[in-house]
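**Student:** Quick one, what's the 3D model for this:
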Amino acid sequence: MTSARNADYEAEVIPGLEALAMDELRQLPPVAPSQIRQTRAGFLRFRLTANESVLQSLRSVIAVYRIHNFAIPRPKALLGHEHFTRLLGNLRAAARRFTPPPGTMGIAAAGSHTAVMQRLRLETSQALGLQLAEDGKGELFLRLARQADGAGWEALVRTTASPLSKRDYRLVNLPGALNATVACAMTRMAQQPDGRVVLNLCSGSSTILIEHAQSKVNDTLLAIDNCPDMLSAGRQNAELAGQGQRIAHLLADATRAPLPAGSVDILYADLPFGHHIGSHEDNLALYPALMREASRLAKENAIFVVLTHEARLMARTVRASGWRLRSETTLSLSGLHPRLFVLLKNSARI
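**Tutor:** Below is the predicted model of the structure:
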């Protein structure tokens, strides 16, 4: 069996954020930059020469899987004694690193409803003494995929009992709540020196500011939302993340913030898409009003990072605002294709 200190891995990433994830992987000393490559949209492969526990610190990826190669023509061969014994060994080795030990498992593959896959799930779960998860994944999770050259199959075992994108601090999950991996990406797009004033408009569950706080210990963090339930959820999440004392939660209209003009260095907003929250008609008035308020609050050369599914409306609003576009990134997220806009404050007075 390949040593855990010299093995190949696959990182699952939100499509559109591959470059950010690659940058974070390069910062892990055991990962050689030349060893990281994108194989398809949303997936990166790399070789790790240290213990895989270092991967648990990654914040810009959804999940990481260790790759085990099997020289077999089809998944049915995994039920043979030699391959099945090896597969169980791979899964047990992963499970031993989980705290607490896993109680459920799942296997995903093309043709997952075939008799062969049903039998493989049943026999694997029985041999490991684990329940098959209702969601099809579970804590010990295995993906089966054909090798790129078609010569065999890969067993990809997730290295953690839950996706890395599932943060422990998310005590309260609200409809339409922002994916923590996207929130992390937003903070990486707004890098400035420490000691800044940071404002999250329409702050919701406070995920963006919690992610920001992980890497910036001296910034002043302000959250504004006009919904008491949203603010309550944000406070609870911030407390659980150990950031309750750092993030100030203000009940206010984000288009009329109780803050002085020219006082903010970094702004964030996860704007209503008009799906779970709000409507397109509401957004026609909200977006321009919020951009005007952001212009009032921002210092010269401030950064504003905005996530929205209303790409056309946002583009029109930016053109009519006191901001200039630095970058625009399209994501693929749960069937939607929102965009991340990174804006810079024009130096001219608004």
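
**Student:** By residue count, which helix of the protein is the longest?
**Tutor:** Looking across the chain with DSSP state H, the single longest helix is helix 280-297.

**Student:** What helices and strands are in contact with that one?
**Tutor:** strand 197-201, strand 264-270, helix 311-319, strand 323-330 (3 or more Cβ pairs under 8 Å, 6 or more residues apart in numbering; DSSP states H and E). In this view, the C-beta of every residue, glycine as well, is placed from N, C-alpha and C.

**Student:** how near is the residue nearest to I210 when sequence neighbours are not counted to A233?
**Tutor:** Nearest residue to I210 in three dimensions, chain neighbours excluded: A241, at 4.7 Å (Cβ to Cβ, 6 or more residues apart in numbering). Separation of A241 from A233 (Cβ to Cβ, to the nearest Å): 12 Å.

**Student:** Let's check: the centremost residue of this structure is which one?
**Tutor:** T181 (1.8 Å; Cα atoms, centre = their mean).

**Student:** Are we agreed that it is in a strand?
**Tutor:** No - secondary structure of T181 (DSSP: H, G, I helix; E, B strand; the rest coil): helix, not part of a strand.

**Student:** surely it meets R59?
**Tutor:** Yes - the pair T181 and R59 qualifies as a contact (Cβ atoms under 8 Å) at a distance of 7.2 Å.

**Student:** so what sits against both of the two?
**Tutor:** Overlap of the contact sets of T181 and R59 (by Cβ atoms under 8 Å, 6 or more residues apart in numbering) consists of L164.

**Student:** ok, the closest residue to D265 other than its chain neighbours - how many residues close by?
**Tutor:** Nearest residue to D265, sequence neighbours excluded (Cβ to Cβ, 6+ apart): R196, at 3.8 Å. By other Cβ atoms under 10 Å, 19 other residues sit near R196.

**Student:** quick one on the thing from earlier: name the nearest residue to the residue nearest to the centre of the chain, sequence neighbours excluded.
**Tutor:** T181's closest residue in space is S165 (Cβ to Cβ, 6+ apart), at 4.4 Å.

**Student:** and that neighbour, how far is that from L267?
**Tutor:** Distance from S165 to L267, by Cβ to Cβ: 24 Å.

**Student:** of these two, who's got more company?
**Tutor:** Legend: neighbour count by other Cβ under 10 Å for S165 and L267, higher for L267 (26 against 21).

**Student:** List the residues that contact the more buried one.
**Tutor:** With contacts defined as Cβ under 8 Å, 6+ apart, L267 is in contact with V198, L199, N200, L201, A294, L297, A298, A302, I303, F304, V305.

**Student:** Quick check, the second one in contact with A257.
**Tutor:** Yes - under the criterion of Cβ under 8 Å, L199 is in contact with A257, at a separation of 7.5 Å.

**Student:** quick one, which of these two is more surrounded?
**Tutor:** Between L199 and A257, counted using other Cβ under 10 Å, L199 has the larger neighbour count: 28 against 20.

**Student:** Number of residues surrounding S53?
**Tutor:** Count around S53 with other Cβ under 10 Å applied: 11.

**Student:** Buried residues of the host helix or strand of I107, list them for me.
**Tutor:** Here I107, judged by DSSP states H and E, is contained in strand 104-108. Neighbour-count burial for strand 104-108, counted by 16 or more other Cβ atoms under 10 Å, picks out T104, M105, G106, I107.
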